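**Student:** Sequence and predicted structure are below.
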Amino acid sequence: QVHLVESGGGLVQPGGSLRLSCAASGFTVSSYLMRWSRQAPGKERELVAAITTAGGSTSYADSVKGRFTISRDNAKNTVYLQMNSLKPEDTAVYYCNAFSYIRGYVYDYWGQGTPVTVSS
């Protein structure tokens with residue numbers, strides 16, 4: 001059975017840092033496109049960062065480029081989002097997502113989300 005469990009969210013002051021973790025079970029994160037998205041109150045869900053399969057290429061939303069880093073630990077089957085220089089506009093619930101398209105089937109898994117609040 002597939003599970004994605006996010007952790008690491010919380011309250012942080014502007015300029016601070018947090019590291020989110022996404023622990024996966026039931027599949028191998030290195031075989032899936034892994035993404036972090038976020039949803040702020042009253043706004044649509046926004047893709048924040050992604051890391052591809054074997055090559056591990058990364059991409060970021062313009063709003064977080066240079067501040068956030070997505071990474072993957074294959075041994076722990078876990079994906080991380082390091083967030084630095086946090087701003088109040090980064091406040092949102094952050095979701096981990098695993099996506100793959102294999103032999104005509106779409107596999108699209110989501111975690112339950114972890115809230116991040118950036119406030120003084």
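**Tutor:** Nice, thanks for sending it over. Predicted model only: the values in this text are computed from it and were never measured. Residues are numbered from 1 along each chain as shown.
**Student:** Quick check: bridge partners of Met83?
**Tutor:** Leu18, Phe68 (DSSP bridges).
**Student:** Now do it against Ser17, distance only.
**Tutor:** 6 Å (CB to CB, to the nearest Å). All C-beta atoms are positioned from the backbone trio N, CA, C, and that covers glycine.
**Student:** who's more crowded, these two?
**Tutor:** Met83 (26 against 11; other CB atoms under 10 Å).
**Student:** For the more buried one, give its distance to Thr28.
**Tutor:** 25 Å.
**Student:** Surely Thr114 touches Val93?
**Tutor:** Yes. Contact criterion CB atoms under 8 Å: Thr114 and Val93 qualify, at 7.0 Å.
**Student:** does the most centrally placed residue in the chain sit in a helix or strand, and which one?
**Tutor:** What sits nearest the mean C-alpha location of the chain, by CA atoms, centre = their mean, is Trp36, with 2.5 Å. When elements are assigned from DSSP states H and E, Trp36 belongs to strand 33-39.
**Student:** I am finished for the moment; much appreciated.
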